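Asks: Mind folding the following:
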Amino acid sequence: MAKKKQAKAAKVQVGSEEQIGFHKGALATLAKEREEMMKILQIVEQLMQMHIKGLKDLGVDLEKIAKEAKQAGKAGKQSSKPIEDILK
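Replies: Numbering: from 1, shown residues only. Just a heads-up that it's a prediction; the model follows:
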């Protein structure tokens, strides 16, 4: 009887250790994925800033467009125009 209890306890210990290892591995992988996602986000942000600067250099008033879009949203009239048409 004592041997069965010891075997069962050892089995539970191994199962618990496997689960701990699994969760630690998953967290390590997800942390690396998050780092890569942050790199991608930084690149996207840089590209957006470049395009914003380009539009400003061409004389496009982005603040005016943003205010108009905000006012249209408040009036309950969501613009159904594509962004390409709004920026023209």
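
Asks: now for the strand or helix carrying Leu41, which elements pack on it?
Replies: In this assignment (DSSP states H and E), Leu41 forms part of helix 2-57. Using 3 or more Cβ pairs under 8 Å, 6 or more residues apart in numbering; DSSP states H and E, the elements in contact with helix 2-57 are helix 62-74. To be clear about C-beta, it is placed using only N, CA and C from the backbone, and glycine gets the same treatment.

Asks: by contact count, what packs against the helix it packs on?
Replies: Using 3+ Cβ pairs under 8 Å, 6+ apart, helix 62-74 sits against helix 2-57.

Asks: got any ranges where this structure has weak pLDDT?
Replies: Within the chain, the ranges that satisfy pLDDT under 70 run 1-12, 76-79, 88.

Asks: Find out how far stretch 57-72 is from the centre of the chain, if you would.
Replies: 26 Å (Cα atoms, centre = their mean, to the nearest Å).

Asks: Use 25 as the first number for this chain going forward.
Replies: In the new numbering, first residue 25, that becomes stretch 81-96.

Asks: so how far is Val68 from the spatially most central residue of the chain?
Replies: With distances taken as Cα atoms, centre = their mean, the residue of the chain nearest its centroid is Met61 (6.8 Å). Distance, Met61 to Val68, by Cβ to Cβ, to the nearest Å: 10 Å.
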